[in-house]
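Enquirer: 3D, please:
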Amino acid sequence: MIEQYSFGKIVIKGRIYTNDIKIICGRVVSDWWRKNGHRVEIYDIADILKENTDIFVLGKGKPGLMKSTDSLRKFLQKKEIELIEVSTPKAVDTFNKLLKEGKSVSAGFHLTC
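Expert: As a prediction, the model looks like this:
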């Protein structure tokens, strides 16, 4: 469960992260870097795709500058993994709600722009 988010900072289980993160089956992967910066490609979430997840929540940053690519969206659709791509504040709320409902959910969060 994500306890807090503010621009450039996210708190999970009392630990503060100041770089982008992924959450995979309850495990936090810190310092998430994408090869193409603000574009999320299939290979950027390869570790998530190895797990049994039904929903991928993508926090695009507070104003929402980060985006998934067409190829990632099509790939997720083909694999029947629901993509929820929204600003990071909304993504945090969505992730927490889905987790509380017991859904199989993983996420990637861009903490700034």
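
Enquirer: For the closest residue to His38 other than its chain neighbours, give me its contacts.
Expert: The spatial neighbour of His38 that comes closest, neighbours along the chain excluded (Cβ to Cβ, 6 or more residues apart in numbering), is Met66 at 4.5 Å. Placement of C-beta: from N, CA and C, glycine included. Neighbouring residues of Met66 by Cβ atoms under 8 Å, 6 or more residues apart in numbering: Arg34, His38, Arg39, Val40, Leu58, Lys60, His110, Cys113.

Enquirer: and with 6 Å instead?
Expert: Counting by Cβ atoms under 6 Å, 6 or more residues apart in numbering, Met66 makes contact with His38, Lys60, His110.

Enquirer: State the phi and psi torsions of it.
Expert: phi -80, psi 140 (degrees, to the nearest 10).

Enquirer: Could you report the separation of it from Glu3?
Expert: 22 Å (Cβ to Cβ, to the nearest Å).

Enquirer: still on that earlier bit, quick check, nearest of the contacts of Met66 to Ile84?
Expert: Lys60 (10.5 Å; Cβ to Cβ).

Enquirer: What are the phi and psi values at that closest one?
Expert: phi -80, psi 10.

Enquirer: ok, and the closest non-adjacent residue to it?
Expert: Met66 is the one closest to Lys60 (Cβ to Cβ, 6+ apart), at 4.6 Å.

Enquirer: Please apply the same query to Ser68.
Expert: Looking at Ser68 with Cβ to Cβ, 6+ apart, the closest residue is Val40, at 4.7 Å.
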